[in-house]
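[1] coordinates for the following, if possible.
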Amino acid sequence: MIAKIIPAIRIPQDGPFDYSIPDGTPPPEPGSLVRVRFRGKATVGLVVGVTETSEVAPSRLLPIEDRVFDGQAVMNAFSLHLLPRLAAHYCVPLPLLLLQLLPKIPVKVALPLGSGNDPSYFLSEASSEVEGLPLDDGRTGPTSSLVMLDSAFDAEKVRTLVTDELQVGPLLVLAPTVGHATWLKETILGITSKVELYHGALAPKRSALAWTSLATGAMDVLVATRSGVMAPLPPNGRIMIFAEDEPSFIQFDAEPRFDARFVARERAKAEGRSLVNVSEAPTLAAYASSSSRLMEVKDDTDLTVIRLDDERRGGFKGVFADQTVIAIYEIVKDGKDVIVCANRKGTALAVRCADCWAAIECDACSLPMRSFGHTSRCVRCDTSRETPTTCPKCGGSRLRDRGLTATRAVEELKALFPDVEVREVESEASLFESERPTIFVGTEMLVHSLRAKVETLRIGAVIVPHAEQLFGLGDYSDSEDGYTLLRALQALATRQNGRFILQTYSAEHPAILALRDAPEAFYEQGLSEREEFGYPPAWTYLKVTSPEVMASDEAKNALKSRLPDGARLDFSGDRTYISRFKPGDSIVPQALKTLGKGWVWRANPRYTNE
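    Below you'll find the predicted structure:
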């Protein structure tokens with residue numbers, strides 16, 4: 001007999017590839033892992049099927065060398081059906097996607113049998129059950145819920161949520177970073193000792209055993225970073241996404257550039273599992289996909305919004321307004337630390353009027369344009385024009401490149417507070433505690449990769465010197481991303497009853513107003529705008545580049561024939577096409593794989609602005 005196997009290796013082909021099954025051994029179960037050789041290199045492969053014959057001559061077939069985890073399946077039939085669809089979605093060969101989703105496997109690892117659930121449970125979901133599934137829809141999960149917390153680092157609330165989920169079954173908790181995952185494990189140990197940690201830096205043996213710990217019954221909770229999104233689960237297993245708003249769930253630095261949250265949602269639908277999103281400021285995708293929502297936000301936060309336009313009319317010219325300086329002085333005098341977030345990705349290249357602070361905006365997109373010498377360009381639609389010499393709003397002639405950096409904030413704080421330690425945060429090493437009160441200045445990493453460490457500081461106030469910088473990046477998700485960062489900073493202050501101070505020229509921005517009011521209105525407005533302009537999660541957005549040798553009409557017809565009915569298709573130049581289609585936030589049609597060589601696509605517009 002012949003085994004159909006996908007090797008977990010960096011190769012351009014999809015597979016599967018045929019391997020012979022040694023005489024006298026039973027055929028491997030679909031969904032199990034085996035050791036094979038591919039082009040002379042030893043690798044682990046995923047068995048996707050078994051057949052009687054092969055088109056390859058028997059003399060050329062390589063044998064299966066060994067079975068991993070005693071030959072027990074680690075993926076069920078629904079997972080096997082989902083994987084090629086995900087590979088098509090991210091426009092990568094299936095073996096490369098598999099390489100990112102499997103653990104490191106040592107030379108010899110045996111599954112610890114007899115410690116709980118029957119490890120053969122996957123076999124009850126026969127492959128024949130999948131044959132009738134719709135190609136692009138899969139199965140609908142029973143529930144997808146959303147829990148919005150005052151602070152995701154409220155240990156007691158997190159333990160309560162995990163306890164409730166464990167009453168139903170084992171729990172896979174996805175965390176955005178190792179720091180988040182470590183904090184979660186320590187927190188969950190307060191309710192159960194059967195909790196394991198999984199991330200890419202583990203040694204092979206521990207990695208393999210941790211990855212399978214829920215399926216074998218060895219653990220009740222597995223806390224995993226994005227590479228653990230497909231860790232095997234028993235039939236009653238559930239999935240939780242912790243700090244769902246964190247961008248670290250997206251793998252930007254290597255192919256495939258996948259989003260673990262999207263993969264988790266698709267897995268939950270395919271396998272019929274419950275999914276719960278836990279966040280301080282959930283993404284619009286989580287909000288839209290959740291059938292139940294619990295939005296808990298304190299309305300008694302000590303929030304101060306300082307209008308910089310009023311301050312400027314009073315003579316303000318620096319970075320920190322007088323109210324902010326007085327607040328910092330009082331907090332430092334009280335022996336507490338101050339956090340200052342100066343987002344380096346703000347509109348540092350936006351041209352603004354020194355008199356009214358109006359920005360030179362794109363006529364089509366109404367977004368601040370970036371300055372490139374004497375030319376201004378919109379980073380969304382790529383429209384360019386000569387930078388005007390006078391302000392289009394007030395007629396003033398004092399147009400300047402604007403934007404605040406962390407370094408500039410540090411320089412001004414040192415001048416204002418010469419006797420206070422001012423420290424620019426560039427890594428976790430910068431966050432060591434001092435006996436003296438300290439002013440920490442950093443970028444958004446304060447609430448992303450360094451969040452768990454920042455939570456240990458004695459925070460008296462969190463300050464955002466120029467909040468409007470968060471909303472001028474020229475991306476469709478500006479408001480959502482800005483609100484997410486502000487909510488995380490607000491949570492830092494709220495956890496220790498500290499002050500949250502915003503300086504801004506955009507006090508009426510919906511994201512700022514939502515910090516004090518009920519957040520539902522902000523999310524509903526965001527979804528309405530995404531629906532109108534054709535962006536996720538209301539629409540699935542696809543940027544496609546055709547082969548160089550293909551004519552435009554031929555490429556457009558080829559795309560149209562493979563996209564759903566009602567899809568929008570626009571030519572944006574340089575062999576590039578933009579398509580939007582329903583349902584939103586879904587896997588792209590697998591028919592795109594039939595386009596042939598030379599076609600490339602990105603199924604998320606965030607990737608197109610890199």
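
[2] what is the neighbour count of Gln251?
    By other CB atoms under 10 Å, 16 other residues sit near Gln251. Bear in mind the C-beta positions are built from the backbone N, C-alpha and C, glycine included.

[3] that one against Val263, yeah?
    No. When contacts are counted by CB atoms under 8 Å, Gln251 is not listed as touching Val263 (10.3 Å).

[4] which strands and helices sit next to the host helix or strand of Val44?
    Using DSSP states H and E, Val44 sits in strand 41-51. Here strand 41-51 touches strand 2-7, strand 33-38, helix 77-89, going by 3 or more CB pairs under 8 Å, 6 or more residues apart in numbering; DSSP states H and E.

[5] at 7 Å what do you get?
    strand 2-7, strand 33-38 (3 or more CB pairs under 7 Å, 6 or more residues apart in numbering; DSSP states H and E).

[6] for Leu502, see how far away the residue positioned nearest the centre of the chain is.
    With distances taken as CA atoms, centre = their mean, the residue of the chain nearest its centroid is Phe249 (3.2 Å). According to CB to CB, to the nearest Å, Phe249 stands 26 Å off from Leu502.

[7] next: Pro176.
    For Pro176, the distance to Leu502 - CB to CB - is 25 Å.

[8] quick one: average pLDDT of stretch 230-243?
    The average pLDDT within stretch 230-243 is 94.

[9] can you point out the buried residues in that stretch?
    Met230, Ala231, Pro232, Leu233, Pro234, Gly237, Arg238, Ile239, Met240, Ile241, Phe242, Ala243 (16 or more other CB atoms under 10 Å).

[10] repeat that for stretch 424-432.
    For stretch 424-432, by 16+ other CB under 10 Å, it's Glu424, Val425, Leu431.

[11] where's the dip in pLDDT among those?
    Lowest pLDDT among the buried residues of stretch 424-432: Leu431, 83.

[12] Provide the secondary structure category for Pro564.
    coil (DSSP: H, G, I helix; E, B strand; the rest coil).

[13] and it, its phi and psi?
    Backbone geometry at Pro564, expressed as degrees, to the nearest 10, gives phi -60, psi 160.

[14] need the contact list for it.
    By CB atoms under 7 Å, 6 or more residues apart in numbering, the contact set of Pro564 is Phe581, Pro589.

[15] please identify the deepest-packed of the helices and strands packed on strand 41-51.
    strand 2-7 (a mean of 24; mean count of other CB atoms under 10 Å).

[16] by how many degrees do it and strand 33-38 diverge?
    80 degrees (axes from the mean of the first three to the mean of the last three CA atoms, to 10 degrees).

[17] all strands for the stretch 301-450 of the chain, in order.
    Taking DSSP state E, counting those that start in this stretch as the criterion, the stretch 301-450 of the chain contains strands spanning 303-307, 337-341, 350-353, 370-372, 375-377, 384-386, 399-402, 421-424, 438-442.

[18] quick check: which of these is nearest to His180?
    Across the strands of the stretch 301-450 of the chain, His180 has its closest neighbour in strand 438-442 (17.2 Å, CB to CB).

[19] what strands line up against that closest one, and which way round?
    strand 337-341 (parallel), strand 421-424 (parallel) (DSSP bridges).

[20] which among the buried residues of stretch 230-243 gets closest to Ala555?
    Closest to Ala555, out of all of those and judged by CB to CB, is Met230, at 33.8 Å.

[21] quick one, phi/psi of the closest one?
    According to degrees, to the nearest 10, Met230 has phi -110, psi 20.

[22] so it is in contact with Pro103, correct?
    No. Assessed by CB atoms under 7 Å, Met230 is found out of contact with Pro103, at 9.9 Å.

[23] pLDDT below threshold where in the protein?
    109-142, 297-301, 343-350, 365, 372-373, 379-380, 401-403, 472-474, 605-610 (pLDDT under 70).

[24] break it down into its domains, please.
    2-128, 134-295, 303-348+403-517, 533-609 (automatic domain parsing).

[25] distance to Glu524 added to those, as a markdown table?
    Below are the domains of the chain laid out as a markdown table (distance: least, CB to CB, whole Å):
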| stretch | distance to Glu524 |
| --- | --- |
| domain 2-128 | 28 |
| domain 134-295 | 9 |
| domain 303-348+403-517 | 11 |
| domain 533-609 | 12 |
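
[26] what's the neighbour count on the nearest residue to Glu29 once chain neighbours are set aside?
    On the basis of CB to CB, 6 or more residues apart in numbering, the spatially nearest residue to Glu29 that is not a chain neighbour turns out to be Ala73, at 4.8 Å. Ala73 is flanked by 25 other residues according to other CB under 10 Å.

[27] for Ala73, list each beta-bridge partner.
    Here Ala73 sits in beta bridges with Ser32, as judged by DSSP bridges.

[28] repeat for Val340
    Val441, Ile463.

[29] my read: it touches Thr438, true?
    No. Taking contacts as CB under 7 Å, Val340 lies outside contact range of Thr438: 10.9 Å.

[30] okay, the two: which has more neighbours?
    Using other CB under 10 Å as the criterion, Val340 and Thr438 rank with Val340 on top: 27 against 22.

[31] wait, what's in contact with that one?
    Contacts for Val340 (CB under 7 Å, 6+ apart) come out as Ala409, Ile439, Phe440, Val441, Ile463, Pro465.

[32] can I get these in TSV including distance to Gly482 and neighbour count?
    Shown next, in TSV, are these (distance: CB to CB, whole Å; neighbours: other CB atoms under 10 Å):
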residue	distance to Gly482	neighbour count
Ala409	18	23
Ile439	23	24
Phe440	21	23
Val441	19	28
Ile463	16	27
Pro465	14	28
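
[33] report the two of the residues you listed separated the most.
    Phe440 and Pro465 (13.6 Å).

[34] Asp382: how many residues sit nearby?
    11.

[35] same check on Glu532?
    9.

[36] that one should be in a strand, yeah?
    No. Counting by three-state DSSP, Glu532 is not part of a strand but helix.

[37] measure it to Phe471 for me?
    Distance of Glu532 to Phe471, given as CB to CB: 18 Å.

[38] equivalent analysis for Thr216, please.
    Relative to Phe471, and taking CB to CB, Thr216 is found at 48 Å.

[39] for Phe440, same thing?
    Distance from Phe440 to Phe471, by CB to CB: 24 Å.

[40] same question for Arg568.
    From Arg568 to Phe471 the distance is 26 Å (CB to CB).

[41] comparing those two, which residue is more hemmed in?
    Shown here are Arg568 and Phe471; by other CB under 10 Å, Phe471 has more neighbours (22 against 14).

[42] so what's that one up against?
    Applying CB under 7 Å, 6+ apart, the residues near Phe471 are Asp478, Ser479, Gly482, Ser506, His509, Ala511.
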